[in-house]
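Undergrad: okay, structure incoming, though there's no sequence with it:
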Ligand SMILES: [Zn+2]
């Protein structure tokens, strides 16, 4: 079967482009029906990014449905990333499906020597140390443990993923996939050491401040203070008084905020004020 895709440049949107700024920010494609958001994106140059959408044939269906484009300017890339993530979460646009994230996240914690799946609804991931992740589901956390076991010849019996009789070699040790911590071919400490060192590069970093912070971004057009607590983005404002007012909100661990802010905050070089 031959499938032809007809692509027509969305001329009905071309005029809207001229009104878009070349500054960082978040833009929204709105549909005709109820003005609902179809797609939300971010860029350090709103106009250029929207133009490139218009030339993308794969997005023809979304562009045909688009009635108008709105935008919110930001002072920099971090602010645009934070705002985009929070708008997508709140508005769940039709064409952002891939970026949707479940609020509930999983991590691994070592309990009685065994990796155990823990949930963000039960534990504050921002303040609890000794967590590894993040994972979107229990299944993906367990898959990771199996991958680590294969790579580092760990014992699924000791890890609690398989039932084994105490002191007896597990099946994988017989085919040399487990180094034999189950049957004293290696010490349990060696086994545990390899487990921890494999997990270490995905250790969840605890929120490194005593309370909320303002991350300041400056652009010739504007200065913004992005208010964050426990890796949770609370909003962006232009002065410290407004920033302190935002800290009254509840702020549990937020996976998007963690992913966006972990690197810039730990690397330094960002302008931070404790609130
Ligand atoms: Zn074993």
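TA: Nice, thanks for sending it over. Please read all numbers here as calculations on a predicted model, not as lab measurements.

Undergrad: got phi/psi on residue 263?
TA: As for residue 263, its main-chain torsions (degrees, to the nearest 10) stand at phi -60, psi -50.

Undergrad: when you give positions from now on, start the count at 53
TA: Noted, 53 is the first residue going forward, which turns the last one into residue 315.

Undergrad: what about it, distance to residue 194?
TA: 27 Å (C-beta to C-beta, to the nearest Å). (Each C-beta comes from the backbone N, C-alpha and C, glycine too.)

Undergrad: neighbour count winner among the two?
TA: Neighbour comparison, residue 315 and residue 194: the larger count goes to residue 194, with 17 against 10 (by other C-beta atoms under 10 Å).

Undergrad: for the more buried one, helix, strand, or coil?
TA: Of the three states, residue 194 takes helix according to DSSP: H, G, I helix; E, B strand; the rest coil.

Undergrad: that one against residue 169, yeah?
TA: Yes. Between residue 194 and residue 169 there is a contact under C-beta atoms under 8 Å: 6.8 Å.

Undergrad: residues contacting the residue in the stretch 53-202 of the chain positioned nearest to the ion?
TA: At 9.2 Å from the ion, residue 201 is the closest residue in the stretch 53-202 of the chain, using C-beta to the ion. With contacts defined as C-beta atoms under 8 Å, 6 or more residues apart in numbering, residue 201 is in contact with 207-208, 211, 213, 230.

Undergrad: where in the stretch 103-252 of the chain is pLDDT low?
TA: Applying pLDDT under 70 to the stretch 103-252 of the chain flags the ranges 150-155.

Undergrad: that one: helices as residue ranges?
TA: 112-117, 129-143, 190-204, 223-226, 240-252 (DSSP state H, counting those that start in this stretch).

Undergrad: ranking these by burial, who's on top?
TA: Greatest average neighbour count among the helices of the stretch 103-252 of the chain goes to helix 129-143 (a mean of 21), per mean count of other C-beta atoms under 10 Å.

Undergrad: tell me what that helix is packed against?
TA: With contacts taken as 3 or more C-beta pairs under 8 Å, 6 or more residues apart in numbering; DSSP states H and E, helix 129-143 sits against strand 77-83, strand 89-95, strand 265-271, strand 274-281, strand 284-289, helix 307-319.

Undergrad: past the fifth one, which element shows up next along the chain?
TA: In this case it means strand 284-289. Going down the chain from strand 284-289, the next helix or strand is helix 292-298, by DSSP states H and E.

Undergrad: I'd like the average pLDDT over that next one.
TA: Averaged across helix 292-298, pLDDT comes to 96.
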